[in-house]
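*Asks:* Please work out how this folds:
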Amino acid sequence: MKALRTLTAASAGAVVAGALLWAPAAAFAVTGTTYYVDPGGSDSADGLSPSTAWKSLAKVNAQTLSPGDAVLFEAGGQWSGQLAPHGSGATGSPITIGAYGSGAKPRIDGGGTVDAAVKIANQHDVTVSGLEVTNTGSGATPRIGIQVTASDYGPVDRISVTGTYVHDIQGATSGNDSSNPSVGGIVVSALGGTTPTYYRDLSITDNEVANSRSYGIVTWSSWMQREGWTSLWDFMPVPAGGYRAWTPSTGVVVSGNNVHDISAGGITVMQAQGARIDHNRVDKTAQNHGNVGIWWAGADDTVVEYNEVSGTKYWGLSSDGNGFDADASVHRSLIQYNYSHDNEGGFFIAVSTGTGPAEATIRYNVSQGDGNQIFALSTNAKNIDVYNNTIWTPLTPFIANNPDRASFSLVKVWNTSVSNVSFRNNIIYNGAGLAYRDSAAVSYDRNLYFSGPVPSKDAAAIVTDPQLTAPGAAAGIGDLGGYLPTAASPAIAAGLTIPLNGGKDAVGTPLPSGMPDLGALQRTAGQGRNEAAPVVTASLGNGQSTVPASIADGRDSTPWASPSSGVTFPQTITLEFPSDRVVSGIEFATTFGTGQGIKTLDVQAWQNGAWATVLTGGSLTWTGSSATVERRALSLPAAVTTAKLRIVVKSANLTWGNIAVSEISTR
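*Replies:* Predicted coordinates:
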């Protein structure tokens, strides 16, 4: 759990410091009144045109705005103090706080003397756009750039902060306040104790946040109690006993932001349902305190994708420093299509508190040059499914010269409460030689290992050079082509077929319906279907407490076995897929093949309402009699398009009276 984090941001995003992202008044399509503000204006003027503009923030703050109204600040102008407009918009007619004219973004400078330079309090349907905001002085009292807050308000609808440049936010340089989620660049809070308060359709997009002495972008709530997690950290501005039952915000989007040079966490979303954190650039976070680039807590069904996170600072073996973190009380997190690199603390951490889990599926990401613990799993980390990622961990100078190097890990389990963690279909280059410090809770299945140790638990390990195009040299999330398998790569079509895999790889290539390439990038495009597993039936019935579904569940480690007596031939195994697929071959995976493997078979496909034999007299030869997974493939004479396949088993090894199959996959 990230009680204390540090934030930094990277300047490689779409928003450029000093550049103006603005629109003239007509572009806002407002139905209300537009007010203009100019440092050379007059508060005794009507403010209704650039030539009769208001002058001060105080004049704006004294006005109660109505739906469709806009307050536009002159480009290049500067104002000191706090901008705190009043009034709310309505659906389709927000209040807009923005800019007019050409030149630099209008600057609101809190000077470190106000709690927030821009404050939107107990308001809904408000858009803040195209401002430059700063709030620092000679002190160390933590401050906020743009604050959105509500207390005992109920639902807060359609707040948007977009295209702003928020920088140099005052705070402590060490200690807890250097990692306080209630202060920082853009901070959204839901407070109170009588009326559940939460946000609907909150949007934080295309901003640059830099040089904040606490957090970059954060959403948090005192409506957070569940699963034994009863309060946030004691330095948060909530009185003792002030926390209430979990009431999540919905429709939260944090997208396209450039967050860099931050004392604590870069982007954090707490107390949300279905939040999206995507297409952000986060660099140099945790600069003054252990923290993570992007993390979320008290949040369900969070999607974290297409982000590039780098430069998170290392503060010790147990002090975070990772690119991504599924934190306290999170269910069904999805981390996909991200690029993590040069994070000194590692790629991913999962850690919770109370009785709540930290759950995550981590797929089709690239980790390059991360250090310490590439995967760290701590309290209540569970249901962690790590598949089709490419992990590229060379012996970097940071790893080679670190005094803690001997304790660095590829996978590290910190707590006995960790459960149900799996690594499948990954390419892992471990030039740094990091150890696997795991537990029985972690399984490995059909990963490719190049250099470094190989987990003995991976009964289907592929140990070889993956022969990628040009790995280890990506310059950004748009430059991952070096991780594409070459035509001769052993990773091609070597992966388990994993149900509901998202349908595309890290760069958007559609995935095949059958066996994918290992790692984050697919060499050849497939049908791109995001499908459930096939329905599997076996005429022999089941033995050893197994079920036919295990034959095509994307796991070698869950085999199916027939009863151990009464086996006669022929017998059938039928796979019914959710939709038609092109099949050119079939692969069988088995353990103890010389004792229980299928030997001869025919293959039938469902064609025009009937079964048609597409392969006769297929033969499988097994050489192993151990728990190591053997794989044998049969090519069909011609590819077929079908939604159902039937394996007609004609003979098998029956040393123990049964046959068994770990997995049947198509190519």
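*Asks:* Show me the helices in the stretch 151-300 of the chain, by range?
*Replies:* With DSSP state H, counting those that start in this stretch as the definition, the stretch 151-300 of the chain shows no helices.
*Asks:* now do the chain
*Replies:* With DSSP state H as the criterion, the chain has helices at 57-61, 397-401, 593-596.
*Asks:* could you say what helices and strands the second one packs with?
*Replies:* Helices and strands touching helix 397-401, by 3 or more Cβ pairs under 8 Å, 6 or more residues apart in numbering; DSSP states H and E: there are none. The C-beta positions use only the backbone N, C-alpha and C, and glycine is treated the same way.
*Asks:* if we can go back for a sec, got CSV for the helices of the chain, with mean neighbour count and distance to P516 too?
*Replies:* Formatted as CSV, the helices of the chain follow (neighbours: other Cβ atoms under 10 Å; distance: least, Cβ to Cβ, whole Å):
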stretch, mean neighbour count, distance to P516
helix 57-61, 18, 56
helix 397-401, 13, 30
helix 593-596, 21, 24
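*Asks:* And the nearest residue to T312 once chain neighbours are set aside, how far from N322?
*Replies:* The shortest distance from T312 to any non-neighbouring residue, by Cβ to Cβ, 6 or more residues apart in numbering, is to N343 (4.1 Å). Remark: distance between N343 and N322 (Cβ to Cβ, to the nearest Å) = 6 Å.
*Asks:* Next: P248.
*Replies:* From P248 to N322 the distance is 24 Å (Cβ to Cβ).
*Asks:* More neighbours: which of those two?
*Replies:* N322 (33 against 23; other Cβ atoms under 10 Å).
*Asks:* Okay, and the beta partners of the more buried one?
*Replies:* G346 (DSSP bridges).
*Asks:* T666 too?
*Replies:* I586.
*Asks:* Touching, the residue nearest to T312 and V309? I think so.
*Replies:* Yes - N343 is within contact range of V309, at 6.5 Å (criterion: Cβ atoms under 8 Å).
*Asks:* The residue nearest to P578 when sequence neighbours are not counted: what's it in contact with?
*Replies:* In space, and not counting its chain neighbours, P578 is closest to E531: 4.4 Å by Cβ to Cβ, 6+ apart. The contact partners of E531, by Cβ atoms under 8 Å, 6 or more residues apart in numbering, come to P499, L500, S513, F577, P578, S579.
*Asks:* ok, back up a step: burial measure for the residue nearest to T312, as a count.
*Replies:* Using other Cβ under 10 Å: N343 sits among 33 other residues.
*Asks:* ok, now how distant is it from S409?
*Replies:* Distance, N343 to S409, using Cβ to Cβ: 14 Å.
*Asks:* now S42
*Replies:* 65 Å.
*Asks:* picking that back up, got TSV for the helices of the chain, with distance to Q78 too?
*Replies:* Formatted as TSV, the helices of the chain follow (distance: least, Cβ to Cβ, whole Å):
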stretch	distance to Q78
helix 57-61	11
helix 397-401	41
helix 593-596	76
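*Asks:* Show me what the lengthiest strand in the chain packs onto, helices and strands only.
*Replies:* Longest strand in the chain, counting residues (DSSP state E): strand 630-652. Other helices and strands packing on strand 630-652, by 3+ Cβ pairs under 8 Å, 6+ apart, are strand 571-590, strand 598-607, strand 610-619.
*Asks:* Now do that strand, average pLDDT.
*Replies:* Per-residue pLDDT values over strand 630-652 give a mean of 98.
*Asks:* got the buried residues for that strand?
*Replies:* 630-632, 634, 636, 640, 642, 644-650, 652 (16 or more other Cβ atoms under 10 Å).
*Asks:* list the contacts for A470?
*Replies:* Taking Cβ under 8 Å, 6+ apart, one finds G481, G482 in contact with A470.
*Asks:* Send me stretch 149-164 as CSV with only the CA atoms.
*Replies:* The C-alpha coordinates for stretch 149-164 follow below in CSV (Å, rounded to 0.1, in the frame of the first residue of the first chain):
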residue,chain,number,x,y,z
THR,A,149,-13.1,19.3,-4.1
ALA,A,150,-16.6,18.6,-2.8
SER,A,151,-18.0,17.8,0.6
ASP,A,152,-21.3,16.3,1.6
TYR,A,153,-22.5,17.2,-1.9
GLY,A,154,-23.7,13.9,-3.5
PRO,A,155,-22.8,13.2,-7.1
VAL,A,156,-20.5,15.8,-8.7
ASP,A,157,-21.0,15.7,-12.5
ARG,A,158,-18.7,16.4,-15.4
ILE,A,159,-15.7,18.2,-14.1
SER,A,160,-12.9,18.5,-16.7
VAL,A,161,-9.3,19.8,-16.4
THR,A,162,-7.6,19.8,-19.7
GLY,A,163,-4.7,21.4,-21.5
THR,A,164,-3.2,23.1,-18.5
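*Asks:* okay but N207 is in contact with V254, surely?
*Replies:* No - look at N207 against V254 with Cβ under 8 Å: they stay out of range, at 9.4 Å.
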